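> here is my input; please provide its structure:
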Amino acid sequence: MEFGIFVQGYVPASRARTDPQAEHHALMEETEYVIQADRSGFKYAWASEHHFLEEYSHLSANDVYLGYLTHATERIHLGSGIFNPLPQVNHPVKVAERVAMLDHLSSGRFEFGTGRGAGSHEILGFLPGISDMNDTKEIWEETIAEFPKMWLQDTYEGFQGKHWSLPPRKILPKPYGKSHPAMWYAAGSPSSYAMAAKKGLGVLGFSVQKVSDMEWVVDSYKTAVRDAEPIGDYVNDNVMVTSTAICAETGKKARQIAASSNLNYLQSLLFRYHDTFPRPEGIPQWPELLPDYNEEIIEFLIAEELMICGDPDEVLAQCKRWEAAGADQLSFGLPVGVPYEDTLRTIRLIGEHVIPEIDTDPVHRTTRFRAAAGA
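Alright, predicted model coming up:
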């Protein structure tokens, strides 16, 4: 199992009230998390693309953000988690161009994740006329298979679809080196996992909340991927899942950090905006918040495998549970209200004590897939 981190530009109102430059500081701190993750042996860093989601995510121009990180890092793969390729949001040709440019700037370290937006507040900002959020699936499916053609055909053959069109044109630049960046899809339901697998796409499992969720994820994905008809040059057989992670020198210190970091607020915002996600029983309607997380609740979340928290030995054992459940990559959502130095400490401790015990392959999984394309 490989390891990554996930950043999204989280700027809670509580921070903004005490820091007039909270937005700037949050974005700059998250660049430092990625740089430290690169030094600490993490293999992937994912940056969100969200629009209009106040507090929850102020990272909208992630192509610009990732362009900076290509120069600031050396080994870590940098992924769009996601680029939104719906033509009403980003024209597909411009997405293809940005992917190829980031592939060059990173010397082949870019990972192309796509999706359809966070929920009605975001989607309806760009597509105000739709009545069903599922309508975006048709637009995404019409578009996604065109990207490999834009990259690999000398002159792109052009496209005439229901939602966008383009005459034959040379799409430049072409990707760096062999083939094209690994392709991923942000999936949230069993049918989406199976669909991504059939298309040969890796899955960004942002909706996977606990280890026990992995069973249906792995079953639906790994069964379907065996019969993939890849839209790209190769199959990216990969399931990435996310979890909150807090690691400190002692388990007591880690739990104290978790209990004092207002983790309930981020979770409340998640269900405020991601209204297409299934809403678990007991999740209140915004602006009502989930109860504050005290140390007793933190212990419950750890026991239920809903978060990773503890000293390095505890965190290692918790990560091994994800590995045993079948995750190909475990990516940590770190900027969740935890103080800056505590977050850097989490990255360093996991890099020193956890990653070397689990990920012993020096080569990225996606690098192996890309290298074997066309063989």
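> buried stuff in the lengthiest helix in the chain?
Of all segments of type helix in the chain, defined using DSSP state H, the longest is helix 22-39. For helix 22-39, burial by neighbour count (16 or more other C-beta atoms under 10 Å) applies to 22, 26, 27, 29, 30, 31, 33, 34, 35, 36, 37, 38. In this view, the C-beta of every residue, glycine as well, is placed from N, C-alpha and C.
> pretty sure the last one contacts residue 45?
Yes: checked against C-beta atoms under 8 Å, the pair residue 38 and residue 45 is within contact range at 7.5 Å.
> who touches both of these two?
The contact sets of residue 38 and residue 45 overlap at 73, 76 (C-beta atoms under 8 Å, 6 or more residues apart in numbering).
> next secondary structure element downstream of the longest helix of the chain?
Later in the chain than helix 22-39, the nearest helix or strand by DSSP states H and E is strand 44-47.
> now that following strand: mean pLDDT?
Strand 44-47 carries an average pLDDT of 98.
> off-centre distance for that strand?
Taking the mean of its C-alpha atoms, strand 44-47 sits 6 Å from the chain's own mean (C-alpha atoms, centre = their mean, to the nearest Å).
> neighbouring strands for that strand, and are they parallel or not?
The strands beside strand 44-47 in its sheet (DSSP bridges) come out as strand 2-7 (parallel), strand 77-80 (parallel).
> of all those, which one is nearest residue 323?
Relative to residue 323, the nearest member of these by C-beta to C-beta is strand 2-7, separated by 9.9 Å.
> output the contacting helices and strands for the helix or strand following that closest one.
For strand 2-7, the succeeding helix or strand toward the C-terminus, using DSSP H and E, is helix 13-18. With contacts taken as 3 or more C-beta pairs under 8 Å, 6 or more residues apart in numbering; DSSP states H and E, helix 13-18 sits against helix 22-39.
> what's the first helix or strand after the helix or strand encompassing residue 349?
The secondary structure element spanning residue 349 is helix 340-353 (assigned by DSSP H and E). Later in the chain than helix 340-353, the nearest helix or strand by DSSP H and E is helix 355-358.
> that older thread, tell me which of the buried residues of helix 22-39 is nearest to residue 91?
For the buried residues of helix 22-39, the closest approach to residue 91 (C-beta to C-beta) belongs to residue 27, at 25.3 Å.
> mind checking what secondary structure residue 59 has?
For residue 59, the assignment made with DSSP: H, G, I helix; E, B strand; the rest coil gives coil.
> for it, which residues are in contact?
Contact criterion C-beta under 8 Å, 6+ apart gives 7, 8, 9, 27, 30, 47, 48, 49, 50, 65 as the residues in contact with residue 59.
> need those in JSON lines (columns: distance to residue 157).
Written out in JSON lines, the entries for the contacts of residue 59 read as follows (distance: C-beta to C-beta, whole Å):
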{"residue": "7", "distance to residue 157": "37"}
{"residue": "8", "distance to residue 157": "36"}
{"residue": "9", "distance to residue 157": "37"}
{"residue": "27", "distance to residue 157": "39"}
{"residue": "30", "distance to residue 157": "39"}
{"residue": "47", "distance to residue 157": "31"}
{"residue": "48", "distance to residue 157": "32"}
{"residue": "49", "distance to residue 157": "28"}
{"residue": "50", "distance to residue 157": "33"}
{"residue": "65", "distance to residue 157": "32"}
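> return the distance of the helix or strand residue 195 falls within from the chain's centre.
Counting by DSSP H and E, the element that carries residue 195 is helix 190-198. Averaging C-alpha coordinates over helix 190-198 and over its chain gives two centres that are 17 Å apart (C-alpha atoms, centre = their mean).
> likewise for stretch 224-243?
The offset between the C-alpha centroid of stretch 224-243 and the centroid of the whole chain comes to 15 Å, using C-alpha atoms, centre = their mean.
> could you do stretch 289-298 as well?
That offset, for stretch 289-298, works out to 25 Å (C-alpha atoms, centre = their mean).
> worst-scoring helix or strand of the chain, pLDDT-wise?
One helix or strand of the chain scores below all others by mean pLDDT, DSSP states H and E: helix 214-225, with a mean of 89.
> quick revisit: next, the angle from the longest helix of the chain to helix 340-353.
In terms of direction (axes from the mean of the first three to the mean of the last three C-alpha atoms, to 10 degrees), helix 22-39 departs from helix 340-353 by 10 degrees.
> coming back round to it: between the strands paired with strand 44-47, which one is closest to residue 266.
Closest to residue 266 of those is strand 2-7 (C-beta to C-beta; 12.3 Å).
> with only the CA atoms kept, save the closest one in CSV.
This file holds the C-alpha atoms of strand 2-7, laid out as CSV (Å, rounded to 0.1, in the frame of the first residue of the first chain):
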residue,chain,number,x,y,z
GLU,A,2,1.3,3.5,-0.9
PHE,A,3,0.7,6.7,1.0
GLY,A,4,-0.5,10.2,0.0
ILE,A,5,-1.9,13.4,1.5
PHE,A,6,-4.9,15.5,0.4
VAL,A,7,-5.1,19.3,0.6
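> same question for that strand, mean pLDDT?
Regarding strand 2-7, the rounded mean pLDDT is 97.
> neighbouring contacts of it?
The list of residues contacting strand 2-7 from outside it, by C-beta under 8 Å, 6+ apart, reads 30, 33-34, 37, 41-48, 59, 79, 81, 206, 240, 242, 319, 328-335, 347, 350, 354-355, 358-359, 361, 364-365.
> which PyMOL command selects the buried ones in these?
Command for PyMOL, covering only those of the contacts of strand 2-7 found buried under the criterion 16+ other C-beta under 10 Å:
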select buried, resi 30+33+34+37+41+42+43+44+45+46+47+48+59+79+81+206+240+242+319+328+329+330+331+332+333+334+335+347+350+354+355+359+364+365
